[in-house]
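[1] sharing a model that was predicted from the sequence below.
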Amino acid sequence: MIDIRGLVKRYRATTAVDDLSFTVEPGSVTGFLGPNGAGKTTTMRILLGLAAATEGEALVKGERYPRLSEPTRSVGALLDAGDVHPGRSALSHLRAIAYANRIGDERVSAVLEQVGLAGVARKRVGKFSLGMKQRLGIAAALLGDPDVLILDEPVNGLDPDGVRWIRELTRGLADEGRTILISSHLMSEMELTADRLIIIARGKLIADTSVSELAERF
Ligand code: ADP
Ligand code: ADP
């Protein structure tokens, strides 16, 4: 479903991703683990077509993903949940994305319900807590009913209830056959959430393992 092959991303002074290769199997939750600055966001941005690779390629369903705004129907992403105009309501934010992607309004209601924001849909996003913003970001990612979801640090800064909610949501989505790549710098969280772990540091692969194999090594 996701295929990263010899991926390299160099900025002027930094090699953010350094010859990285891994695959993500359909219907799994794959944890993408590494300390801050390891290259997780950069890899996800390249996968989503938001940044260009220096070398190698990052494919979703065998294709280079063109633009975030286009095939929402097959790939959904949460990259920066804080990046929503504070004056907008959750409803108008989602409607704008749905409209831009030719997705019907009934999906907006469905995803608001799914993430538990139906009751605050008309509230300004500026009044939302971080957890509510994360839910809204996930609602946007789910709008196109995607079968691949790419979530960058969705539990960052959440309280235990929010963390549990994300865990249950991702499990449920994977059980429906969706493929999920979820990044985190917290091993403890990924152990509970993911089937497989891709661990990177300084842009390089450190481990590619199932959670149960990893547990046996310790
Ligand atoms: P992570 O998501 O694992 O925290 P990032 O992919 O954000 O890591 O960053 C990897 C490295 O690339 C870091 O050293 C970061 O400072 C650098 N980096 C990321 N984006 C840019 C950019 N636009 N210009 C220069 N360096 C960048
Ligand atoms: P633009 O590409 O001009 O920013 P869009 O209508 O594509 O406008 O997107 C508006 C907002 O919705 C942006 O913040 C974008 O990041 C977000 N967005 C668009 N498509 C998706 C998606 N599939 N998953 C998550 N967020 C999305």
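    The structure has been received and is ready for your questions. Ligands and ions are numbered 1, 2, ... in the order given.
[2] now residue 27, nearest residue through space, not along the chain?
    residue 177 (5.0 Å; C-beta to C-beta, 6 or more residues apart in numbering). No exception for glycine: its C-beta is placed from N, CA and C like everyone else's.
[3] if you could redo that for residue 153, that was the one I meant.
    Once flanking residues are discounted, residue 153 sits nearest to residue 183: 5.5 Å by C-beta to C-beta, 6+ apart.
[4] which SSE is that neighbour in?
    Element membership for residue 183 (DSSP states H and E) is strand 179-184.
[5] let's see that strand as CSV, backbone CA atoms only.
    Provided in CSV are the C-alpha atoms of strand 179-184 (Å, rounded to 0.1, in the frame of the first residue of the first chain):
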residue,chain,number,x,y,z
THR,A,179,-4.1,1.1,6.0
ILE,A,180,-2.7,3.5,8.6
LEU,A,181,0.8,5.0,8.9
ILE,A,182,1.0,6.9,12.2
SER,A,183,4.0,8.7,13.5
SER,A,184,5.1,9.3,17.1
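[6] picking that back up, tell me how many other residues surround the residue nearest to residue 27.
    Neighbour count of residue 177, defined by other C-beta atoms under 10 Å: 9.
[7] cool, residue 102 as well?
    There are 9 residues near residue 102, going by other C-beta under 10 Å.
[8] for it, grab phi and psi.
    Backbone torsions of residue 102, given as degrees, to the nearest 10, read phi 50, psi 50.
[9] identify the bridge partners of the residue sitting nearest the centre point of the chain.
    Taking C-alpha atoms, centre = their mean, the centroid of the chain lies closest to residue 151, which sits 1.1 Å from it. Using DSSP bridges, the bridge partners assigned to residue 151 are residue 78, residue 182.
[10] distance of it from ligand 2?
    Distance, residue 151 to ligand 2, by C-beta to the nearest ligand atom, to the nearest Å: 10 Å.
[11] pretty sure that residue contacts residue 167?
    No. With contact defined as C-beta atoms under 8 Å, residue 151 does not reach residue 167; the gap is 11.5 Å.
[12] that older thread, pretty sure the residue nearest to residue 27 sits against residue 28.
    No. Taking C-beta under 8 Å as the definition, residue 177 is not a contact partner of residue 28, at 10.1 Å.
[13] select the longest helix from the chain.
    Looking across the chain with DSSP state H, the single longest helix is helix 160-175.
[14] need the residues that contact that helix.
    Residues from elsewhere that reach helix 160-175 (C-beta atoms under 8 Å, 6 or more residues apart in numbering): 27-29, 115-116, 131, 134-135, 138, 149, 151, 154-155, 158, 180, 182, 189, 192-193, 195.
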